[in-house]
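# Got a sequence here, can you model it:
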Amino acid sequence: MRNNKSLMTIFLIVFIDLLGFGIILPLLPYIAEKYQATPAQIGILTATYSFFQLIASPIFGRLSDRYGRKKLLIISQLGSAVGYLILGLAGNLPLLFLSRIIDGITGGNISIAQAYIADVTTKENRARGMGLIGAAFGLGFIFGPAIGGALSKISYSTPAYFATAVSLITVLTTIFFLKETVNEDKASHSPRTKFSLTEFKRVLSLYPIGLLISVFFLLNTAFSIMQGNFALWTQKTFNFEPSQNGWLFTYVGILAVLIQMQVLPRVIKKFHENNILLISLLSMFIGLTLIPLSKHPNFLYVALFFIPLGNGLANPTIQALASENVPKEEYGETLGIMQSAGSMGRILGPIIGGEIFQALGKDIAFYFAGLIIFFTFVYLKLKLK
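Numbers count the residues shown, from 1 in each chain. The predicted model follows:
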């Protein structure tokens with residue numbers, strides 16, 4: 001793969017960025033409780049990040065098409081640092097919400113990192129490059145919560161200050177080590193990079209972009225239904241404690257990293273990306289269906305193997321296919337819209353899953369998520385050319 005140095009630099013930047021996010025995320029409910037937040041307010045606080053990321057992702061992506069990846073990455077990273085700092089200094093609930101709003105807006109930088117990957121890879125290697133982003137996510141969520149948990153013993157503000165420092169490190173890494181891939185002078189005068197709602201609609205109408213964005217939305221919805229209910233399901237089924245669920249999530253995180261760094265590159269050499277996407281959906285369907293069928297805790301490790309396998313193959317493949325079907329000038333916008341679709345799925349999934357869990361019992365939500373993936377598989381098999 002050409003430009004390995006650029007790939008490893010963006011991998012490092014995304015890992016450090018997600019490390020900061022992983023440090024904070026598990027602690028948010030406890031920080032909110034400190035300010036007498038109700039369960040509903042804690043739920044809204046958790047969703048705030050995804051909501052504002054939904055709005056910001058295509059905007060940041062489009063701006064990076066026009067004004068350069070490096071510049072927009074630095075701005076977004078500084079925004080994350082400000083959000084974490086406010087979180088550390090917050091003395092009330094409104095400031096807590098402000099910190100999540102800022103961090104959600106600047107969380108749109110993932111689409112910029114993906115566009116950068118598309119800039120420096122060939123079509124043949126793009127899915128593998130996108131897999132590096134997923135691996136960086138996995139590593140950030142493996143180490144971040146552990147660091148955050150250890151630092152929270154000092155105080156709840158300490159992890160936030162540490163995350164601020166981590167974000168500032170990403171800024172310095174971007175400034176000194178990341179090379180710009182966009183010809184800013186040419187891009188700023190190109191009609192292809194102009195920011196407008198008409199351009200957004202045009203991108204969505206392109207085949208197979210609209211189809212891939214819909215699939216990405218459904219994939220994230222199904223995954224979030226599972227993720228939002230899993231801890232409660234294990235508690236009710238096996239009387240699991242948080243520490244036991246923590247081990248399961250660590251297992252999933254490690255698998256996700258291994259799949260995207262070791263399995264994905266090998267699979268790409270043997271199968272066409274369309275077939276990889278179909279295989280990944282089948283794997284997700286099997287994993288989601290096996291969870292409620294697990295009658296012993298150890299069987300969960302089998303069920304949970306198929307979910308990161310499917311997710312780890314599907315996400316980078318969808319992102320690669322999307323970027324391969326648009327001009328370079330539209331990478332940021334297209335991948336930003338895709339990230340927005342993913343954010344919408346992550347907002348709706350836990351709400352839908354929670355309602356099903358409460359109304360129909362603990363198992364049905366997982367079967368419902370599996371059905372979403374199965375019907376997506378069938379529809380995609382008919383539509384993909």
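
# Show me what the helix or strand encompassing Leu232 packs onto, helices and strands only.
Per DSSP states H and E, Leu232 falls inside helix 209-238. Counting contacts by 3 or more Cβ pairs under 8 Å, 6 or more residues apart in numbering; DSSP states H and E, helix 209-238 is packed against helix 197-205, helix 242-258, helix 273-293, helix 299-324, helix 331-360, helix 364-383. In this view, the C-beta of every residue, glycine as well, is placed from N, C-alpha and C.

# again, 10 Å this time
Applying 3 or more Cβ pairs under 10 Å, 6 or more residues apart in numbering; DSSP states H and E, we find helix 209-238 packed against helix 39-67, helix 197-205, helix 242-258, helix 273-293, helix 299-324, helix 331-360, helix 364-383.

# Show me how far that helix is from its chain's centre.
12 Å (Cα atoms, centre = their mean, to the nearest Å).

# Buried residues, it. List them.
209, 211-234, 237 (16 or more other Cβ atoms under 10 Å).

# Listing request: residues of the protein with sub-threshold pLDDT.
1-3, 25-26, 29, 39-40, 43, 185, 187-197, 199-200, 242-243, 385 (pLDDT under 70).

# For stretch 13-25, C-alpha coordinates in PDB please.
In PDB, the C-alpha atoms belonging to stretch 13-25 read as follows (Å, rounded to 0.1, in the frame of the first residue of the first chain):
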ATOM      1  CA  ILE A  13      -4.200  10.600  15.300                       C
ATOM      2  CA  VAL A  14      -7.600   8.800  15.300                       C
ATOM      3  CA  PHE A  15      -6.400   6.400  18.100                       C
ATOM      4  CA  ILE A  16      -5.300   9.300  20.400                       C
ATOM      5  CA  ASP A  17      -8.500  11.100  19.600                       C
ATOM      6  CA  LEU A  18     -10.700   8.100  20.400                       C
ATOM      7  CA  LEU A  19      -8.600   7.400  23.500                       C
ATOM      8  CA  GLY A  20      -9.800  10.700  24.900                       C
ATOM      9  CA  PHE A  21     -13.400   9.900  23.900                       C
ATOM     10  CA  GLY A  22     -13.100   6.400  25.500                       C
ATOM     11  CA  ILE A  23     -11.800   7.900  28.800                       C
ATOM     12  CA  ILE A  24     -14.900  10.000  29.200                       C
ATOM     13  CA  LEU A  25     -17.800   8.000  27.800                       C
END
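
# right, and Ile24 touches Ala90 too?
No: contact criterion Cβ atoms under 10 Å: Ile24 and Ala90 do not qualify, at 11.8 Å.

# who touches both of those two?
31, 99, 156, 160 (Cβ atoms under 10 Å, 6 or more residues apart in numbering).

# Among the residues you listed, which pair sits farthest apart?
Largest separation among these by Cβ to Cβ: Ser99 and Tyr156, giving 12.4 Å.

# of those two, who's got more company?
Ser99 (26 against 20; other Cβ atoms under 10 Å).

# elements contacting the helix or strand that contains the more buried one?
Applying DSSP H and E as the criterion places Ser99 in helix 93-106. Applying 3+ Cβ pairs under 10 Å, 6+ apart, one finds that helix 93-106 contacts helix 4-24, helix 28-34, helix 39-67, helix 69-89, helix 157-177.

# Can you say which of those helices is nearest to Leu264?
helix 4-24 (13.8 Å).

# Helix 39-67 and that closest one, what's the angle between them?
Interaxial angle, helix 4-24 versus helix 39-67 (axes from the mean of the first three to the mean of the last three Cα atoms, to 10 degrees): 160 degrees.

# ok so, going back, Ile24 and Ala90: who's more crowded?
Between Ile24 and Ala90, Ile24 has the larger neighbour count (other Cβ under 10 Å), namely 25 against 21.

# Identify the residues contacting the more buried one.
Shown in contact with Ile24 (Cβ under 10 Å, 6+ apart): 31, 49, 83-84, 87-88, 99-100, 103, 144-145, 148, 156, 159-160, 162-163.
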